[in-house]
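> requesting a structural model of the entry that follows:
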Amino acid sequence: ISEGPGNTKVAKSTAVPPGPPVYLDLVYIPNHSNSKNVDVEFFKRVRSSYYVVSGNDSAAEEPSRAVLDALLEGKAQWESNMQVTLIPTHDSEVMREWYQETHEKQQDLNIMVLASSSTVVMQDESFPACKIEL
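As a prediction, the model looks like this:
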């Protein structure tokens, strides 16, 4: 809680309240990876081997560069350097720029980003896909 204008108290809110970390195998980053709902505290608390990053709407800032940067900052505070795999659902300009600009830091933090080069063909329809073994 902090003092706001006129000495009124204003509660600071975060997407995920502070607390002990939770370990999961696979996490879908909520709300199309929008920074309004996901911050550094999310990645400090919700620790996963795989994160699915959705979003392909640059006008709505999805996926958010702030969320991708929050992953780096949050992961840097983990006690272990376990491998993390980031799985984008779309090939977006934001994702490509972030990948190129932060590639060295990703390597230092043991973060791998899956490319969307695999294709599955089913019933005369083809779509990008990836295989994850848990």
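
> from now on I want contacts and neighbour counts done on CA atoms only, so please keep to that.
Will do.

> the longest helix in this protein is where?
Of all the segments of type helix in the chain, defined by DSSP state H, the longest one is helix 65-75.

> buried residues, that helix. List them.
Buried positions in helix 65-75, judged by neighbour count with 16 or more other Cα atoms under 10 Å: Arg65, Ala66, Val67, Leu68, Ala70, Leu71, Leu72, Glu73, Gly74, Lys75.

> list the helices and strands it packs on?
helix 40-45, helix 93-101 (3 or more Cα pairs under 8 Å, 6 or more residues apart in numbering; DSSP states H and E).

> out of those, which gets nearest to Ser54?
In terms of Cα to Cα, the element of the helices and strands packed on helix 65-75 nearest to Ser54 is helix 93-101, at 10.3 Å.

> got the buried residues for that closest one?
Val94, Met95, Trp98, Tyr99.

> so which of these comes closest to Val53?
Met95 (9.3 Å).

> next up, the contacts around the closest one.
Residues in contact with Met95 (Cα atoms under 8 Å, 6 or more residues apart in numbering) are Pro63, Arg65, Pro88.

> just the pLDDT for the second one.
The model reports Arg65 with a pLDDT of 90.

> neighbours of Pro88, just the number please.
Neighbourhood size, Pro88 [other Cα atoms under 10 Å]: 20.

> and if you look at Ser80?
For Ser80, the neighbour count with other Cα under 10 Å is 9.

> what of Trp78?
Residues near Trp78, counting by other Cα under 10 Å, number 15.

> just checking, it touches Lys44?
Yes: Trp78 is within contact range of Lys44, at 6.9 Å (criterion: Cα atoms under 8 Å).

> list the beta-bridge partners for Thr119.
Note on Thr119: beta-bridge partners by DSSP bridges are Pro128.

> could I get the average pLDDT for stretch 122-134?
Here stretch 122-134 scores 74 as its mean pLDDT.

> picking that back up, which of the buried residues of helix 65-75 lies closest to Leu114?
Nearest to Leu114 among these, with distances taken as Cα to Cα, is Leu68, at 14.2 Å.
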